[in-house]
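In: here are the coordinates; sequence isn't available:
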């Protein structure tokens, strides 16, 4: 039997130093999923990797084996001992895994409750898996349902009102520390989505925005035009830093872009004028020791928790409404998921019981010397009738199951009756309805 497994780490379980080592950018994610499918009984796989989480959604044959394999592979690529990583890893199965993804997509599991960016990130992760051909019937149904649920939550609740995305929180932090931003020089290193969202959050602040591009200069020029700033090349970063009041770093670089030695030289040239550095990248763009240099204040993603906590309190009532919507939606998924388990289990149970009845009839065939062929037909019909009568009520009750414990109950049935095999795999062809209860007549008397 196959099961749905979600396994990963997030800002709730691991600090940024661990998350950045476990991050799976697009190129690495594709290679990791291919290696995983070769190392374990993994049929379908989707990876979500953001600043706050790295999660894998898998359809597996053996969830225990898959968990062990994933832990070993993540530990290896991050150069962390599995025993050190084990405390940060969480895993969910079947409906619990689906519920977790629904909450993630709706923004309920985000650092900022209700943040909207995560829904786009989930969609892009699913699209990437489609492109890499690592999805299948279950993960496709799961992700489409999760995205629809996230949209419903944002439509029917106010959870995204007064919403502060991660870049928005960075701007709020700058206002909190520096006061009004009008006339401040803001340097944004990077030209990706986070950089644009930061520029958007800064658009009405009155600050002077400078976009620094390491590769995509044309993108930096476009952002500068869109948000009323200017662009410079990466080689001009030191000069831009000498003028900056605020530096926001948000690239996808695997290497540090600003080291302590370089910043110390910049700060010497500024004659003690303070600088606020905000690092929104995972892996980080700015050396952590930069915060120890006189005049420089450095904040990374984890340092934004205080601002986020205040926003979270405002959204609790709307979050409770969102949880109700998720439970409604998860029941629909549970019903669909359960149908994949119930019908194959019913078919396997009936096949198993019929085989036992037929075996008993065969074993006793020579004990009815005086029975006519018609009598033997009636014995056979009697055996089938016993099977049908015995399984009728359990079959009806199993088909009526609608809660999120269906998978566990079907697993118990299969275990009790020894129904091993692949009949219960997700996506298996659904069996036909059981035959009508056999009519049984009394044996002909001699």
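Out: Now that the structure is in, tell me what you want to look at. The model shown is predicted, which means the values in this text are computed figures rather than measured ones. Residues are numbered from 1 along each chain as shown.

In: let me see the contact set for residue 113.
Out: For residue 113, the contacting residues are 107, 159, 311, 312, 315, 316, 319, by CB atoms under 8 Å, 6 or more residues apart in numbering. (Each C-beta comes from the backbone N, C-alpha and C, glycine too.)

In: gap between the residue nearest to the fifth one when sequence neighbours are not counted and residue 309?
Out: Just to be clear, that refers to residue 315. Residue nearest to residue 315 in three dimensions, not counting chain neighbours: residue 113, with 4.8 Å by CB to CB, 6 or more residues apart in numbering. As judged by CB to CB, to the nearest Å, residue 113 and residue 309 stand 10 Å apart.

In: find me the pLDDT at the nearest residue to residue 166 once chain neighbours are set aside, would you?
Out: Excluding the flanking residues, the one nearest residue 166 by CB to CB, 6+ apart is residue 280, at 6.1 Å. You'll see residue 280 listed with a pLDDT of 91.

In: ok, now residue 402?
Out: 62.

In: show me what the worst-scoring helix or strand of the chain on mean pLDDT is packed against.
Out: When each helix and strand of the chain is scored by mean pLDDT, DSSP states H and E, helix 305-314 comes last, with a mean of 72. On a contact count with 3 or more CB pairs under 8 Å, 6 or more residues apart in numbering; DSSP states H and E, helix 305-314 meets helix 166-178.

In: next, the angle from the helix it packs on to helix 305-314.
Out: Here the directions of helix 166-178 and helix 305-314 differ by 110 degrees (axes from the mean of the first three to the mean of the last three CA atoms, to 10 degrees).

In: quick check: the farthest pair among the contacts of residue 113?
Out: The span of the contacts of residue 113, defined through CB to CB, is set by 107 and 316 at 13.3 Å.

In: compare these two (neighbour count), which wins?
Out: Remark: of residue 107 and residue 316, residue 107 carries more neighbours, 25 against 10, as counted by other CB atoms under 10 Å.

In: now do the same contact list for the more buried one.
Out: With contacts defined as CB under 8 Å, 6+ apart, residue 107 is in contact with 113, 114, 115, 116, 118, 119, 150, 153, 154, 159, 160.

In: distance of the nearest residue to it once chain neighbours are set aside relative to residue 416?
Out: Nearest-residue entry for residue 107: residue 114, 4.5 Å, with adjacent residues in sequence omitted and distances by CB to CB, 6+ apart. According to CB to CB, residue 114 stands 44 Å off from residue 416.

In: okay, the two: which has more neighbours?
Out: A side-by-side neighbour count of residue 114 and residue 416, using other CB under 10 Å, places residue 114 first with 27 against 9.

In: could you list the buried residues of stretch 294-306?
Out: By neighbour count on 16 or more other CB atoms under 10 Å, the buried set for stretch 294-306 is 296, 297, 298, 299, 300, 301, 304.

In: quick one: which of those is nearest residue 142?
Out: Nearest to residue 142, judged by CB to CB, of the buried residues of stretch 294-306 is residue 301 at 27.5 Å.
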